[in-house]
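J.: After the sequence you'll find the predicted model.
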Amino acid sequence: MDITIAENLETLKATLETEQPDVKFLVNNAGFGTIGNLIDSDHVTQGKIVDLNVRALTELTTIVLPFMSEKSYVVLLRG
């Protein structure tokens, strides 16, 4: 699912609330960036990078944390 879309995060939250899983691992592997000089990029692309890499990632983690028991892990992967 596209986690930059608020409705998708709300759907995930509702599903977790219904199913009440015990999440042992949350692997945060979504993200992207661009190569090159910032001045050569556009503000829309830069905004999308921040939306995914920061906002959506933080929201997703906050949504899932209540369903993680002791000794569960949040794994952040970056290429």
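T.: Sure thing, it's come through.
J.: any chance you could map the helices in this protein?
T.: Assignment of helices within the chain using DSSP state H yields the ranges 6-19, 43-50, 57-64.
J.: Could I get those helices in a markdown table, plus columns for mean pLDDT and mean neighbour count?
T.: (Glycine included, C-beta is placed from N, CA and C.) As requested, those are exported to a markdown table (pLDDT from 0 to 100; neighbours: other CB atoms under 10 Å):
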| stretch | mean pLDDT | mean neighbour count |
| --- | --- | --- |
| helix 6-19 | 98 | 12 |
| helix 43-50 | 95 | 11 |
| helix 57-64 | 96 | 16 |
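J.: Can you check which strand is longest in the protein?
T.: Ranked by residue count and defined by DSSP state E, the top strand of the chain is strand 68-76.
J.: If you count neighbours, what's buried in it?
T.: Applying a neighbour-count criterion of 16 or more other CB atoms under 10 Å, one finds Met68 buried in strand 68-76.
J.: Are there helices or strands packed against that strand, and which ones?
T.: The contact analysis (3 or more CB pairs under 8 Å, 6 or more residues apart in numbering; DSSP states H and E) places strand 68-76 against strand 23-28.
J.: Return the strand it packs on as PDB; C-alpha atoms alone will do.
T.: Coordinates of each C-alpha in strand 23-28 appear next as PDB, following Å, rounded to 0.1, in the frame of the first residue of the first chain:
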ATOM      1  CA  VAL A  23       3.600  -7.600  15.800                       C
ATOM      2  CA  LYS A  24       7.200  -8.800  16.500                       C
ATOM      3  CA  PHE A  25       9.000  -7.000  13.700                       C
ATOM      4  CA  LEU A  26       8.200  -3.800  11.900                       C
ATOM      5  CA  VAL A  27      10.500  -3.400   9.000                       C
ATOM      6  CA  ASN A  28      10.600   0.200   7.700                       C
END
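J.: Need the residue closest to the centroid of the protein.
T.: Leu57 (2.6 Å; CA atoms, centre = their mean).
J.: related to what we said a few turns ago, strand partners (parallel or antiparallel) of the longest strand of the chain?
T.: strand 23-28 (parallel) (DSSP bridges).
J.: how far off helix 57-64 does the partner strand point, in degrees?
T.: 170 degrees (axes from the mean of the first three to the mean of the last three CA atoms, to 10 degrees).
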